[in-house]
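[1] how would this look folded up:
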Amino acid sequence: MNIEAQILTLITRIRALEESMQPGDDSSKTISIAQVLAELTDIRAEMRQDLAALGDELAGLRRHMNDRFATIQSELLHRLGGLPPEVIN
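    Purely as a prediction, here's the structure:
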């Protein structure tokens, strides 16, 4: 299931439980709300970890692409070394 959908489902459940609470019937509903909030906290932690991993992957990709670009640029300049500067620009 999509993480956003899970979060929306949990938020909906929390709101429904809060709206249905009657004075004097707090114990089981409070436990249910606590469980839903715990699930929501877990999902948020997973999302933070996933986003951190994605950031690391993007940084690695950026470094790799920069290295490849520098290599290709160097090879091209070496190949075009015999051309006059006005042709290169």
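
[2] so where's the longest helix in the protein?
    helix 26-79 (DSSP state H).

[3] what packs against that one?
    On a contact count with 3 or more C-beta pairs under 8 Å, 6 or more residues apart in numbering; DSSP states H and E, helix 26-79 meets helix 3-20. C-beta here means a position set from N, CA and C on the backbone, and glycine is covered the same way.

[4] tell me the pLDDT at the residue positioned nearest the centre of the chain?
    By C-alpha atoms, centre = their mean, the chain has its centre lying nearest to residue 51, at 3.0 Å. At residue 51, the model reports a pLDDT of 92.

[5] need the contact list for residue 6.
    residue 43 (C-beta atoms under 8 Å, 6 or more residues apart in numbering).

[6] any idea how far residue 40 is from it?
    9 Å (C-beta to C-beta, to the nearest Å).

[7] Then residue 2?
    Separation of residue 2 from residue 40 (C-beta to C-beta) stands at 15 Å.

[8] And residue 30, by the same measure?
    Counting by C-beta to C-beta, the gap from residue 30 to residue 40 is 15 Å.

[9] out of those two, which sits in the busier spot?
    Taking other C-beta atoms under 10 Å, residue 30 and residue 40 do not tie; residue 40 has more neighbours (17 against 12).

[10] Could you report the neighbour count for residue 16?
    Residue 16 has 12 nearby residues by other C-beta under 10 Å.

[11] Also residue 10?
    19.

[12] Who are the contact partners of it?
    Listed by C-beta under 8 Å, 6+ apart, the contact partners of residue 10 are 36, 39, 40, 43.

[13] Having no further points to raise, I will conclude here.
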